[in-house]
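Have a look; sequence and predicted model below, questions after that.
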Amino acid sequence: MTTLLTPDELEAALRTIGAERYHNLHPFHKALHGGRLTRGQIQAWALNRYYYQASIPAKDATLLARLPTPELRREWRRRLIDHDGTEPGTGGVARWLKLTEGLGLDTAYVQSLDGLLPGTRFAVDAYVHFVRDKSVLEAIASSLTELFSPTIISERVSGMLRNYSFITEETLAYFAPRLTQAPQDSAFALAYVKEHARTVEQQQAVINALKFKCGVLWSMLDELDYAYVAPGHIPPGSFRPQDDR
Ligand SMILES: O=C(O)c1cc(C(=O)O)c2c(n1)C(=O)C(=O)c1cc(C(=O)O)[nH]c1-2
């Protein structure tokens, strides 16, 4: 890219990246909502995804510390509250543990991260480090996958409720608030990026940040697919499903 885009052209370029690279296109996502996974495979997904959820507030905190204005910090602080809650048992991370519990996993085991796939750890840590080490503009741009998450969440929730007898609305309660939180978060991040990416280099950096983040989410599903679907090589020490209904 060598020409400067208008803010709307930049938005269109970012939306194209989502349309081509977001993890709703991954075979593991399709198998998950299409009813083709066992309970054990879904447990593996929830256990691994816990590390993503638990790391999101840490990555938001590293960014918060670098934001230059009260307005920006106030906005970003809301994300921390959304994930960590205001007291024990509230917030997104606690709600994710309701999901793992509802799937029959022991909460202390999930929180210990003992069963995590090594590749999940690498992908999630790469996201946290990206946000810590890159510019504020790139860090904010890397959250823009959330522009696309309401669609995948709706597809996942309706598909899982329809296709698995052991999944209830209560088990999937994590996702309902995300349907309003994600659009609010991504609208703010998109407006920020459209206003602040003013040079060709900055626009390219924003585009690359979103590609990077799509790669993080994609590789998390690659790891799950390889370990738990095909060829099914579970790394030593990682979670082994007991129950393959
Ligand atoms: O269910 C999903 O597919 C999905 C995707 C994403 C995303 O696109 O990054 C997030 C979430 N969920 C989510 O629940 C969440 O809290 C979240 C925070 C962020 C972020 O980058 O700050 N992405 C996402």
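Sure thing, it's come through. Owing to the predicted nature of the structure, the values given are computational and were not obtained by experimental measurement.

Ala227: how many residues sit nearby?
By the other Cβ atoms under 10 Å criterion, the neighbourhood of Ala227 contains 23 residues. The C-beta positions use only the backbone N, C-alpha and C, and glycine is treated the same way.

I should have written Phe122 there, sorry.
Using other Cβ under 10 Å, Phe122 has 13 neighbouring residues.

Number the residues from 5 up from this point.
That works, and once the first residue is 5, the last one we named lands at Phe126.

Please identify the helix or strand for it.
Here Phe126 sits within helix 122-137, counting by DSSP states H and E.

Go through that helix and flag the buried ones.
By 16 or more other Cβ atoms under 10 Å, the buried positions in helix 122-137 come out as Gly123, Thr124, Ala127, Val128, Tyr131, Val132, Phe134, Val135.

for the residues you listed, which one is nearest the ligand?
Among the buried residues of helix 122-137, Tyr131 lies closest to the ligand (Cβ to the nearest ligand atom), at 7.3 Å.

contacting residues around the helix holding Phe126?
Here helix 122-137 makes contact (Cβ atoms under 8 Å, 6 or more residues apart in numbering) with 52, 55-56, 59, 62-64, 66-67, 117, 142-143, 146, 213, 216-217, 220, 223-224, 226-228, 239, 242.

is the ligand contacted by it?
No - applying Cβ under 6 Å from any ligand atom, one finds helix 122-137 separated from the ligand by no less than 7.3 Å.

and the following helix or strand past that helix, what does it pack onto?
Once the chain leaves helix 122-137, the next helix or strand it forms, by DSSP H and E, is helix 140-146. Counting contacts by 3 or more Cβ pairs under 8 Å, 6 or more residues apart in numbering; DSSP states H and E, helix 140-146 packs against helix 43-68, helix 122-137, helix 179-200, helix 204-228.

Go again with 6 Å.
Helix 140-146 sits against helix 179-200, helix 204-228, with contacts defined as 3 or more Cβ pairs under 6 Å, 6 or more residues apart in numbering; DSSP states H and E.

deepest of those, which one?
helix 204-228 (a mean of 20; mean count of other Cβ atoms under 10 Å).

average pLDDT for it?
Averaged over helix 204-228, pLDDT sits at 98.

can you check stretch 238-249 too?
Across stretch 238-249, the average pLDDT comes to 87.

Equivalent analysis for stretch 186-195, please.
Averaging pLDDT residue by residue across stretch 186-195 gives 96.

Can you give the contact residues for that stretch?
Residues outside stretch 186-195 that contact it (Cβ atoms under 6 Å, 6 or more residues apart in numbering): Glu79, Ile144, Ser147, Leu148, Glu150, Leu151, Ser153, Pro154.
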